[in-house]
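Novice: Structure here, sequence nowhere to be found:
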């Protein structure tokens, strides 16, 4: 069967893990009611985006896989007969942590995980303090995960800016690309700058769909989250997560898109057989000059 319905859940980063997990689960129920067979959750969905600051106390938020969150989601997967993709702050070993997307099958089993490969370190996004990059040459690198609804090419947030990651997933047979995400504006940015940033974010991911002939799901957070280090009275310090979660088809066409300022659940149906038709019309994989791309392995070409 090549037709499947995929959904995503966009919500705010609520103050406690229990509240945030409830919001995710409520969204999953909503998506299932709309016919979803797979539900994608946003990046680090079980609480606020803690990477706005470097604080060793935040390591207590990490959990093992399997662990409490995956156990709760596994029950939902079994009860609702769906696949769930969830981003978890993973404690892999003492002192070793990852930003990990875990895939839970319809029977509640964990069938794969992807550990975020590209890790940002920018004001408000101090992720290198917390996360070790994934192992690119392992089963958790740029390798699709086989599920009952297709081969999932899962990447996480900052990965979405890198065409190499999307292409490697496509070359390994991914039917669809999925991006759990946490990205937003600095409140002091003017509207023109906000518009440019949002347009770039949507455009680059639609381009991954076009260049590889496969659909894309991008699930972002929404709402303002204050910087915990903000000084008293500085109400603008923090990130205004811009929502705008969307699902695009294999020609980059926007199928559904969430608003910028409220929680939302999106569901749409794909026919993966259509991917093949698109690739027949636009045979980008056929015409790649793999004999001429060796310099892509260099940091920079000093000609």
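Specialist: Perfect, I can see it now. Worth saying up front: this structure is predicted, and the values here are computed from it rather than measured. Numbers count the residues shown, from 1 in each chain.

Novice: List the contacts of the spatially closest residue to residue 174 that is not a sequence neighbour.
Specialist: Residue nearest to residue 174 in three dimensions, not counting chain neighbours: residue 153, with 3.0 Å by Cβ to Cβ, 6 or more residues apart in numbering. All C-beta spots, glycine's among them, are computed from the backbone N, C-alpha and C. Listed by Cβ atoms under 8 Å, 6 or more residues apart in numbering, the contact set of residue 153 reads 142, 144, 166, 169, 170, 172, 174, 175, 176, 177, 178, 214.

Novice: ok, how many other residues are close to the last one?
Specialist: Using other Cβ atoms under 10 Å, residue 214 has 28 neighbouring residues.

Novice: Next, it: secondary structure please.
Specialist: Three-state call for residue 214 (DSSP: H, G, I helix; E, B strand; the rest coil): coil.

Novice: Can you tell me which of the contacts of residue 153 are buried?
Specialist: Buried by 16 or more other Cβ atoms under 10 Å: 142, 144, 166, 169, 170, 174, 175, 176, 177, 178, 214, out of the contacts of residue 153.

Novice: Out of these, which is nearest to residue 111?
Specialist: Nearest to residue 111, judged by Cβ to Cβ, of the buried ones among the contacts of residue 153 is residue 144 at 11.4 Å.

Novice: rewinding a little: so which of the contacts of residue 153 are in helices?
Specialist: Members of these lying in helices (criterion: DSSP state H): 166, 169, 170.

Novice: which among those gets closest to residue 223?
Specialist: Residue 223 has its nearest neighbour among the ones in helices among the contacts of residue 153 in residue 166, at 27.5 Å by Cβ to Cβ.

Novice: Nearest residue to the closest one in space, please, no chain neighbours.
Specialist: In space, residue 166 is closest to residue 208, 3.9 Å off (Cβ to Cβ, 6+ apart).

Novice: that's a helix at the one you found, yeah?
Specialist: Yes: applying three-state DSSP, one finds residue 208 inside a helix.

Novice: For residue 42, state which of the contacts of residue 153 is nearest.
Specialist: Nearest member of those to residue 42, counting by Cβ to Cβ, is residue 178, at 11.2 Å.

Novice: any idea how far that closest one lies from residue 159?
Specialist: 11 Å (Cβ to Cβ, to the nearest Å).

Novice: what's the answer for residue 261, then?
Specialist: 25 Å.

Novice: Quick one: residues contacting residue 56.
Specialist: Listed by Cβ under 8 Å, 6+ apart, residue 56 has no contact partners.

Novice: go on, residue 279?
Specialist: Neighbouring residues of residue 279 by Cβ under 8 Å, 6+ apart: 213, 250, 285.

Novice: Residue 221 too?
Specialist: 10-13, 42-43, 49, 181-184, 241, 243.

Novice: ok, how many other residues are close to the closest residue to residue 262 other than its chain neighbours?
Specialist: Spatially, and ignoring its direct neighbours in sequence, residue 262 is nearest to residue 222 (6.6 Å; Cβ to Cβ, 6+ apart). Neighbours of residue 222 under the rule other Cβ under 10 Å: 24.

Novice: Kindly state the pLDDT recorded for residue 222?
Specialist: At residue 222, the predicted lDDT confidence score is 96.

Novice: Check the one 3 residues further on too.
Specialist: The per-residue pLDDT reported for residue 225 equals 92.

Novice: Quick check, it in contact with residue 187.
Specialist: No: using Cβ atoms under 8 Å, residue 225 is not in contact with residue 187; the gap is 10.8 Å.

Novice: the more surrounded of those two?
Specialist: The neighbour count for residue 225 versus residue 187, taken as other Cβ under 10 Å, is higher for residue 225 (22 against 14).

Novice: Which secondary structure state is assigned to the more buried one?
Specialist: Using three-state DSSP, the three-state assignment for residue 225 comes out as strand.

Novice: Residue 217 too?
Specialist: strand.

Novice: give the contact list for it.
Specialist: Contacts for residue 217 were tallied using Cβ under 8 Å, 6+ apart; they are 6, 8, 40, 176, 177, 178, 179, 246, 247.

Novice: Next, the contact list for residue 114, please.
Specialist: Counted by Cβ under 8 Å, 6+ apart, residue 114 has contacts 100, 101, 134, 140, 145, 154, 155, 156.

Novice: Relative to residue 158, how far out is the third one?
Specialist: Looking back up the chat, that one is residue 134. Distance of residue 134 to residue 158, given as Cβ to Cβ: 12 Å.

Novice: Give me the below-cutoff pLDDT ranges for the protein.
Specialist: Regions of the chain meeting the criterion pLDDT under 70 cover residues 1, 137, 230-236.
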